[in-house]
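Novice: give me the fold of what follows.
(chains A, B, C and D)
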There are 2 protein chains.
Amino acid sequence: MTKQTTKTRETLSSTRVLQAAVALADEAGLEAFSMRGLAQDLGVVPMALYKHVANKDELLDGMVDIVFSEIELPSENLEWTTAMRRRATSAREALQRHSWAIGMMESRRPGPANLRNHNAVMGCLRKAGFPFEMAIHAYSLQDAYIYGFALQERDLGFETSESAGEAAQRRAQTIGALEDYPHLVEIATKLPESGYDNAVEFAWGLDLILDGLDRLLHPGG
Amino acid sequence: MTKQTTKTRETLSSTRVLQAAVALADEAGLEAFSMRGLAQDLGVVPMALYKHVANKDELLDGMVDIVFSEIELPSENLEWTTAMRRRATSAREALQRHSWAIGMMESRRPGPANLRNHNAVMGCLRKAGFPFEMAIHAYSLQDAYIYGFALQERDLGFETSESAGEAAQRRAQTIGALEDYPHLVEIATKLPESGYDNAVEFAWGLDLILDGLDRLLHPGG
DNA sequence: GACTATAGGTGTACGCTGTACACTTGTCAA
DNA sequence: TTGACAAGTGTACAGCGTACACCTATAGTC
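Specialist: Reported below is the predicted structural model:
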């Protein structure tokens, strides 16, 4: 009975605000994410948030760092390719959960999780034997792919949430408008019945990249 | 003398609005791009725009399609790798010119330039000999890389616009805060003096990808 | 030439946003 | 008991996209 008297709302804190913010952005999307909405979710008046975060911009910084914290760090005990594959996969999954973060991962003031992550990845590549400039190339290539894939996955959204019926209907009307574009028609007709799977697609490209990098690392092998 | 009497402001049109919108977004960024600001640039009251575009969302659709129209279509006469390299390079350049478009290229209602472009790329891959599903893989991989690279280039911005002095100063203070992250320190110190160049970086990754795809297309060669 | 329809531009207003600033309230130390 | 300080509130303002009613100039028809 030391703390809560009856009905006292649990007091706010910056981490509580941050977590609620991530949850709200996850379900409402970035467009509909507002300070006022967040305050309402927390049962509090909008201005109360400003006692715990400086402003919306800084709040977003913190939210992005939470996403970074959910990305697996490359393990020191694994072969570099599998370590990189695991962190890439977990990054894609984190961006799937928090798709509002996709365009913001590298555009905001980096937080601790961000720094830890980047440092660990670069360390993994250097330890694998990549010379400095080649490690930069390898890092840039992998991250471009990861972020770009997440973007496509969010925007194109092949066969994700909509029902089969809706999808078929939309497809039919799309195809109607596509007469002049035979290769788009091919995509619209064949892709849905090809068992397309985003995770498989991601792994395919990632493997091609990692194979290419490994070949450069071990020219003879 | 048929049309303009003295001082009559040239009448608006949807293409004139669109072009002014792209110009404004180019220089002000997406954040600061508003219907009111656009109206002011055109010397007109905000609501006048709505006689020529349905709303801001549709305006953005049109702006994105303008960016698509600046991307080179793959030529039928070139080897597929060089055709793809050229369109990828021109896509990156277009996104550099119009960095506000980076997160929106595939997220909006596709316009004619978009459709033409995608159709031509898929056609190029199919004609090169890729079976359908592999063409999808190849397309997805390339676009993910292009969009992801553009994102990184926009956000990380190694040595772009800031003066050497500013850059050095910022770097020094960054390094100070980076003691616990040796590999980030290495990047912050070595990268600036390594003659890093975004165009080179982009080509490096692109070549690795195209090589990998070509190897899959011609397993024996 | 007079009449009318229509396209283009205007002015006002509403609900939304982030947040500055002054205020109250609840908790703990001295 | 007092006083400080942290947490939450209420009001207010400028900016946003845009609905709606209005004015005006041009074009077509009789």
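
Novice: does stretch A:73-81 come close to chain B?
Specialist: No: using C-beta under 8 Å from any C-beta of the partner chain, stretch A:73-81 stays clear of chain B, coming no nearer than 11.5 Å. All C-beta atoms are positioned from the backbone trio N, CA, C, and that covers glycine.

Novice: now that stretch: buried residues?
Specialist: Using 16 or more other C-beta atoms under 10 Å in any protein chain shown as the burial criterion, the residues of stretch A:73-81 that qualify are A:73-74, A:80-81.

Novice: over to stretch A:124-137?
Specialist: Buried residues in stretch A:124-137, counting neighbours by 16+ other C-beta under 10 Å, are found at A:124-126, A:128, A:130, A:132, A:134-137.

Novice: contact partners of that stretch?
Specialist: Outside of stretch A:124-137, the residues that reach it under the criterion C-beta atoms under 8 Å, 6 or more residues apart in numbering or on different chains are A:74, A:76, A:80, A:83-84, A:122, A:138-139, A:216-217, B:183, B:186-187, B:190-191, B:194, B:196, B:201, B:204-205.

Novice: for that stretch, what is the average pLDDT?
Specialist: Model confidence over stretch A:124-137 averages 98 on the pLDDT scale.

Novice: cool, and stretch A:81-92?
Specialist: 98.

Novice: which residue packs closest to the residue nearest the centre of chain A, ignoring adjacent ones?
Specialist: Residue closest to the mean C-alpha point of chain A, counted by C-alpha atoms, centre = their mean, is A:L95 at 1.7 Å. Nearest in space to A:L95, with sequence neighbours left out and distances taken as C-beta to C-beta, 6 or more residues apart in numbering or on different chains, is A:A150 at 4.0 Å.

Novice: check which helix or strand covers that neighbour.
Specialist: Assignment of secondary structure by DSSP states H and E places A:A150 within helix A:132-156.

Novice: mind listing what's buried in that helix?
Specialist: Across helix A:132-156, burial judged by 16+ other C-beta under 10 Å covers A:132, A:134-155.

Novice: likewise for stretch A:101-115?
Specialist: Neighbour-count burial for stretch A:101-115, with 16+ other C-beta under 10 Å as criterion, is recorded at A:101-108, A:110-111, A:113-115.

Novice: name the element A:R87 belongs to?
Specialist: Assigned by DSSP H and E, A:R87 belongs to helix A:80-97.

Novice: residues from chain A in reach of DNA strand D?
Specialist: The interface of chain A toward DNA strand D, taken as C-beta under 7 Å from any atom of the strand, is made up of A:9, A:11-13, A:44-48, A:51-52.

Novice: quick one: residues contacting the nearest residue to A:D214 once chain neighbours are set aside.
Specialist: Computed as C-beta to C-beta, 6+ apart, the closest residue to A:D214 that is not its neighbour in sequence is A:T81, at 5.9 Å. Under the criterion of C-beta under 8 Å, 6+ apart, the neighbours of A:T81 are A:210, A:213-214.

Novice: also A:V17?
Specialist: A:V17 touches A:38, A:42, A:49, A:52-53, A:59, counting by C-beta under 8 Å, 6+ apart.

Novice: need those residues in CSV with distance to B:T174 and neighbour count, can you?
Specialist: Putting the contacts of A:V17 into CSV (distance: C-beta to C-beta, whole Å; neighbours: other C-beta atoms under 10 Å in any protein chain shown) gives the following:
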residue, distance to B:T174, neighbour count
A:L38, 31, 22
A:L42, 34, 20
A:L49, 29, 22
A:H52, 27, 16
A:V53, 23, 21
A:L59, 23, 23
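
Novice: from the residues you listed, which is closest to DNA strand D?
Specialist: A:H52 (6.5 Å; C-beta to the nearest atom of the strand).

Novice: what pLDDT does that closest one get?
Specialist: 98.

Novice: any of the residues of chain A next to DNA strand D buried? List them.
Specialist: Among the residues of chain A next to DNA strand D, those classed as buried by neighbour count (16+ other C-beta under 10 Å) are A:12, A:44, A:52.

Novice: which ones among the residues you listed lie within helices?
Specialist: If you go by DSSP state H, these have nothing in helices.

Novice: which among those residues gets closest to B:Q173?
Specialist: Compare each of those with B:Q173 using C-beta to C-beta and the shortest gap goes to A:H52, at 26.8 Å.

Novice: got a list of what the residue lying closest to that closest one once chain neighbours are set aside touches?
Specialist: Spatial nearest neighbour of A:H52, excluding adjacent residues (C-beta to C-beta, 6+ apart): A:S14 at 4.4 Å. With contacts taken as C-beta under 8 Å, 6+ apart, A:S14 has the following neighbours: A:52-53, A:62.

Novice: take the residues you listed and keep only those in strands.
Specialist: Among the contacts of A:S14, DSSP state E puts none in strands.

Novice: could you report the neighbour count for A:E58?
Specialist: For A:E58, the neighbour count with other C-beta atoms under 10 Å in any protein chain shown is 13.

Novice: same check, this time on A:M84
Specialist: Using other C-beta under 10 Å, A:M84 has 24 neighbouring residues.

Novice: and the pLDDT at the residue of chain A found nearest chain B?
Specialist: Residue nearest to chain B within chain A: A:G148 (2.6 Å; C-beta to the nearest C-beta). At A:G148, the pLDDT value in this model is 98.

Novice: surely it touches B:Y147?
Specialist: Yes: look at A:G148 against B:Y147 with C-beta atoms under 8 Å: they come within range, at 4.1 Å.

Novice: now do the buried residues in stretch A:211-218.
Specialist: With burial defined by 16+ other C-beta under 10 Å, the residues of stretch A:211-218 counted as buried are A:212-214, A:217.

Novice: I meant stretch A:13-31, not that one.
Specialist: A:17-18, A:20-22, A:24-25.
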